[in-house]
Structure formats: C-alpha cells, structure tokens
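Asker: Sequence first, predicted model second:
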Amino acid sequence: MSLIFYYFFMAIGLSMDAFSLAIIYGTNGIDKKKIILLSIIVGIFHFIMPNLGGYLSNKLLTNFSVYSDIIAGVVFTILGFEMIFSFKDEETKYELGGIIDIILFAIAVSIDSFSVGIALALNNQNLVLAGIIFSIISATFTFLGLMLGKLLSEKTGKISKILGIIILFILAINSFF
C-alpha cells in the first residue's frame, strides 16, 4: 500500500507540468472532444515513457535526465513561438490542431517520466503499476488544466493568452537551466 502512495505522489509531481501547460492551451478555447483526446493521449504517454525508460535503462545508464530537460525546453520553446505567431493573427486562435501538436504536447509533459522510469528500473520497482498511476493522474491533471484554462479565457480574454505564452517561455528556460 505504501508503494501506491509513493507512486501517487510521484505522479502528482510528474503531472504538474501537464497541468500548467494544459491551462495555457485551455485559454485558446479547445473544444471538449480535443480536451478528452489530449487528456487520454497525455495519460498514455505517461504510461509508455516510464516503461520505455525502464526497458532501456540498461542501455542508457548515463545522464539522460540532462537530455530530457533540453528536449522539453526545445518543445516548450517551439510551442511558445507557435502561440506567438498564431496570436498575431487576430482571426485565428491557436489550438492543438493536428496529431503532431498533440504529440508534441504529450512529449513535452511526459519526457520526465522517461528518466523516472530509468530510476525506478534501477531500484527494481514495479513499472507497470507506476505507469498506470502516472497515466491516471496525468490524464486527470491535463483535463482539469484544460478546463480551468478554458474558464480563465472566458473570464480574462487576451490577458490569459499572453500569460500563457510567458509561462511557456519560463518553462522552457527552466528546462534548459
């Protein structure tokens, strides 16, 4: 039972970036179908990444966590610039349009689960149970973040989008350093 709590609190920590980024994207008026789809895909990635990390841990015993931070920083930067360019065009709002955008989002928020999977595998932890808990919590946090972002957008309009862009670049800088 204590192992479940251990994974649960770890999942909350891993899901906070999904929640933050989801708030940002929620400010762009994502429809309910995409909210559900994105939440499910983020959950799937949070299951796959730690298990993949555990599987590859024998081959990648070096400092992958450094590279995962750089990858996340690059993805956050790309997403930030996409939002800036779409923000300039007043008639179109930035949404997670295609599968590429959705996958970039899911990679950005779940790449840290990969390195956690490596650490868990090195300690002979149950990666499947961890992945299931990570998946459920991250999908829930993503859903809640998207809904909260949508609500904020309805209340504050453009200000929430500008704050979203700023937060994306802060997340990128934080990932790089």
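Answerer: Perfect, thanks for sending it. Numbers count the residues shown, from 1 in each chain.
Asker: so who does the most centrally placed residue in the chain touch?
Answerer: Among the residues of the chain, V109 comes closest to the average C-alpha position under CA atoms, centre = their mean, at 2.1 Å. Residues near V109 by CB atoms under 8 Å, 6 or more residues apart in numbering: S15, D17, A18, L21, V42, F45, H46, S138, T142. Quick note: C-beta positions are derived from backbone N, CA and C, even for glycine.
Asker: As CSV, those with pLDDT, neighbour count and distance to L127 would be great.
Answerer: Formatted as CSV, those follow (pLDDT from 0 to 100; neighbours: other CB atoms under 10 Å; distance: CB to CB, whole Å):
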residue, pLDDT, neighbour count, distance to L127
S15, 88, 28, 17
D17, 81, 22, 20
A18, 87, 30, 19
L21, 83, 25, 24
V42, 94, 30, 18
F45, 95, 27, 15
H46, 94, 32, 12
S138, 95, 31, 15
T142, 94, 30, 21
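Asker: Grab the nearest non-local neighbour of the residue nearest to the centre of the chain.
Answerer: Nearest non-adjacent residue to V109, counting by CB to CB, 6 or more residues apart in numbering: A18, 3.9 Å away.
Asker: Can you give me the buried ones in the longest helix seen in the chain?
Answerer: Using DSSP state H, we find that the single longest helix of the chain is helix 127-156. Using 16 or more other CB atoms under 10 Å as the test for burial, helix 127-156 gives 127, 130-147, 149-150, 152-153.
Asker: Tell me how far it lies from the chain's centre.
Answerer: 9 Å (CA atoms, centre = their mean, to the nearest Å).
Asker: which residues in this structure form strands?
Answerer: Under the criterion DSSP state E, the chain contains no strands.
Asker: Let's see stretch 130-140 as PDB, backbone CA atoms only.
Answerer: Output in PDB follows, covering the C-alpha atoms of stretch 130-140 (Å, rounded to 0.1, in the frame of the first residue of the first chain):
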ATOM      1  CA  ALA A 130       3.800   3.100 -11.600                       C
ATOM      2  CA  GLY A 131       2.800   3.700 -15.200                       C
ATOM      3  CA  ILE A 132      -0.800   3.100 -14.500                       C
ATOM      4  CA  ILE A 133      -0.900   5.500 -11.600                       C
ATOM      5  CA  PHE A 134       1.200   8.100 -13.600                       C
ATOM      6  CA  SER A 135      -1.300   7.700 -16.500                       C
ATOM      7  CA  ILE A 136      -4.400   8.200 -14.500                       C
ATOM      8  CA  ILE A 137      -3.100  11.200 -12.500                       C
ATOM      9  CA  SER A 138      -1.600  13.000 -15.600                       C
ATOM     10  CA  ALA A 139      -4.700  12.500 -17.700                       C
ATOM     11  CA  THR A 140      -6.800  13.900 -14.800                       C
END
